[in-house]
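Visitor: next one to model:
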Amino acid sequence: MQKEEELYGVDISKDMFDAASKRLENKADLQIADACRLPYQDVFFDVVITTDTNIMLNILISLEK
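Guide: I've put the predicted structure just below:
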């Protein structure tokens, strides 16, 4: 038996959360959260996909200098 897929999304930005909520309607469990403190237990996910993470990390690193 194959497990049905579940979709989750996390963003720290309320604006991005609102945009995703509008686009996905109720097809995903979306939360506003810091990626460094995700509201999920360890090994909760089988697969994780990120977008724009490297861009944001580079911006944060350059701000710390």
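Visitor: any regions of this structure where pLDDT drops low?
Guide: Residues of the chain meeting the criterion pLDDT under 70: 1-3.
Visitor: where does the spatially most central residue of it fall, phi/psi-wise?
Guide: The chain has residue 10 as the residue nearest its centroid, 2.7 Å off, counting by C-alpha atoms, centre = their mean. Backbone torsions of residue 10, given as degrees, to the nearest 10, read phi -140, psi 140.
Visitor: got the residue ranges for the helices in the protein?
Guide: Along the chain, the stretches classed as helices by DSSP state H are 14-24, 53-64.
Visitor: give the other helices and strands that the shortest one contacts.
Guide: This points to helix 14-24. strand 8-11, strand 29-32 (3 or more C-beta pairs under 8 Å, 6 or more residues apart in numbering; DSSP states H and E). C-beta here means a position set from N, CA and C on the backbone, and glycine is covered the same way.
Visitor: doesn't residue 31 make contact with residue 14?
Guide: No. Applying C-beta atoms under 8 Å as the test, residue 14 and residue 31 come out as separate, 11.3 Å apart.
Visitor: who's more crowded, those two?
Guide: With neighbours defined as other C-beta atoms under 10 Å, residue 14 and residue 31 compare such that residue 31 has more, 13 against 9.
Visitor: what separates the closest residue to residue 24 other than its chain neighbours from residue 22, distance-wise?
Guide: Using C-beta to C-beta, 6 or more residues apart in numbering and skipping the chain neighbours, the partner closest in space to residue 24 is residue 30 (7.0 Å). The span separating residue 30 from residue 22 equals 10 Å under the rule C-beta to C-beta, to the nearest Å.
Visitor: what about the two, which has more around it?
Guide: Set residue 30 next to residue 22 and count neighbours by other C-beta under 10 Å: residue 30 wins out with 18 against 8.
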